[in-house]
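Colleague: sequence-free structure coming up:
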């Protein structure tokens, strides 16, 4: 009994010491200018600012004070800043994860009555680019505006975005910027590359087709868009050049890695511009594409493969998610050669509950790739490692996903729950997908020393 009392006493002392240390780390009074603004400006105002993607700003003291209680809650629950990946499993460039002290600052600021603090202590707001998430583009090409009617359902458009340049050149990044982020769900885009003398004008033909409303076959759609050369043949198509998902930023790699060669005459073919549901108001979307030129040719073009739905390895056991069930699936792929992994993109829809991926090496050691304990359909990043990750030949990449098709899932689109499948690769949010896209380079010695950190 005496030993048990001593153990409890020791535990209480340790708890008090930890609490005292935590309290000592915090200032006597937390103010906006000295303590809160630096956290907001480093982590939140990239979205919460005028012209940002969030629906309210947190730049000024008045704005931060208005949302103080809400900010204290969402930071304490780690809902904001949105970073679904577990930073303790693997770390990525550009991640925004508040430490415990930052979270306690918000809590104490609210308790202290949200004081402003000395005005001269307010830090300068970061210099955010206008009309871009990553910088100042060299060229901006508008996507033809599109009017979404009120109360419309999912729309999948085939869109041509033509361009003509003074000469062939190179681009380091091609960035899609949605005009209305609340309705643009995703974009998968390729590049049509014409030989200069084979196409008189790239601007002929239609620019937007609603594939559900039009009865055209894909070949007929290409003809209506004016994609063929003047002699009826087809130009070169470079796949997966411009893409977008909520939370995705253009991938900036070191010079010579990635990038694209742009022809004098060409077009971006958005073969999946997906608009989600609209409310009771019509919405005009005016999206655009940014191009960042570079004098350096892409000496090491990146490659990618995809596990799961429509990928190199099937979903097992299947993508039949029964109502009122929680189901685990996986996909496995053994790589034939050494690779250097740059970026990962996990993808699920509304029933997603968790996602995890790793590589099992031939010696059975595990390489951690990514873990998302609480899947969030609204934030689907391209996760880029701080340095390339070498995965040796013969390793098996495993992706695991859990789906929740019960009433406990507040994102379940059906009430009551019903059978949900992938519908052979349907992009509808109310269907399901399980995908893991890996962007990589063929391995060269020393790749694991190359920094990919854009901070």
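Modeller: Thanks, I have it. Just so you know, these numbers come straight off a predicted model, no measurement behind them. Numbering: from 1, shown residues only.
Colleague: quick check: which ranges of the stretch 351-455 of the chain have low pLDDT?
Modeller: For the stretch 351-455 of the chain, applying pLDDT under 70 flags the ranges 455.
Colleague: strands along that one, start to end?
Modeller: Taking DSSP state E, counting those that start in this stretch, the strands of the stretch 351-455 of the chain run over residues 352-360, 366-372, 383-391, 396-405, 434-442.
Colleague: let's have the ones you listed in a markdown table, adding mean neighbour count and distance to residue 448.
Modeller: Every C-beta, even on glycine, is put in place using the N, C-alpha and C of the backbone. Below are the strands of the stretch 351-455 of the chain laid out as a markdown table (neighbours: other CB atoms under 10 Å; distance: least, CB to CB, whole Å):
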| stretch | mean neighbour count | distance to residue 448 |
| --- | --- | --- |
| strand 352-360 | 21 | 14 |
| strand 366-372 | 18 | 11 |
| strand 383-391 | 21 | 5 |
| strand 396-405 | 22 | 17 |
| strand 434-442 | 21 | 11 |
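Colleague: of all those strands, which one is nearest residue 210?
Modeller: strand 434-442 (24.5 Å; CB to CB).
Colleague: so what secondary structure elements neighbour that closest one?
Modeller: Counting contacts by 3 or more CB pairs under 8 Å, 6 or more residues apart in numbering; DSSP states H and E, strand 434-442 is packed against strand 303-308, strand 325-334, strand 339-348, strand 396-405.
Colleague: between the ones you listed, which gets nearest to residue 449?
Modeller: strand 339-348 (10.6 Å).
Colleague: angle of the closest one against strand 366-372?
Modeller: Angle, strand 339-348 to strand 366-372, by axes from the mean of the first three to the mean of the last three CA atoms, to 10 degrees: 30 degrees.
Colleague: strands paired with strand 339-348, and their directions?
Modeller: strand 383-391 (antiparallel), strand 434-442 (antiparallel) (DSSP bridges).
Colleague: next, format the strands of the stretch 351-455 of the chain as TSV and append distance to residue 454.
Modeller: Formatted as TSV, these follow (distance: least, CB to CB, whole Å):
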stretch	distance to residue 454
strand 352-360	22
strand 366-372	18
strand 383-391	8
strand 396-405	25
strand 434-442	15
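Colleague: ok, which of those strands comes nearest residue 420?
Modeller: Between the strands of the stretch 351-455 of the chain, strand 396-405 lies closest to residue 420; by CB to CB that is 6.0 Å.
Colleague: strands paired with that closest one, and their directions?
Modeller: Using DSSP bridges, strand 396-405 pairs in its sheet with strand 325-334 (antiparallel), strand 352-360 (antiparallel).
Colleague: how distant is the first one from the center of its chain?
Modeller: Computed by CA atoms, centre = their mean, to the nearest Å, the separation of strand 325-334 from the middle of its chain amounts to 22 Å.
Colleague: please enumerate the helices of the stretch 201-350 of the chain.
Modeller: Under the criterion DSSP state H, counting those that start in this stretch, the stretch 201-350 of the chain contains helices at 218-224.
Colleague: quick one: low-confidence ranges for it?
Modeller: Using pLDDT under 70, the stretch 201-350 of the chain drops low at 215.
Colleague: how does it look with 90?
Modeller: 211-219, 239-240, 245-252, 271-272, 275-281, 298 (pLDDT under 90).
Colleague: ok so, going back, can you tell which of the strands paired with strand 396-405 is closest to residue 86?
Modeller: Across the strands paired with strand 396-405, closest to residue 86 is strand 352-360 (CB to CB), at 8.9 Å.
Colleague: just want the angle from that closest one to strand 303-308.
Modeller: Orientation check (the same axes, to 10 degrees): strand 352-360 against strand 303-308 gives 120 degrees.
Colleague: coming back round to it: residue 159: which of the strands paired with strand 396-405 is closest?
Modeller: Taking the strands paired with strand 396-405 one by one with CB to CB, strand 352-360 is closest: 27.1 Å.
Colleague: so how far is that closest one from its chain's centroid?
Modeller: 16 Å.
Colleague: could we number from 55 for the rest of this?
Modeller: Sure, I'll start numbering at 55, so the last one becomes strand 406-414.
Colleague: can you give me the helices in the stretch 105-254 of the chain?
Modeller: Using DSSP H, counting those that start in this stretch, helices in the stretch 105-254 of the chain cover 115-120, 122-130, 154-165.
Colleague: which residues touch stretch 268-277?
Modeller: Here stretch 268-277 makes contact (CB atoms under 8 Å, 6 or more residues apart in numbering) with 212, 259, 263, 265, 278, 282, 288.
Colleague: export the residues you listed to TSV and tack on neighbour count and distance to residue 173?
Modeller: Below are the contacts of stretch 268-277 laid out as TSV (neighbours: other CB atoms under 10 Å; distance: CB to CB, whole Å):
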residue	neighbour count	distance to residue 173
212	22	53
259	16	57
263	19	55
265	16	56
278	16	60
282	16	63
288	12	63
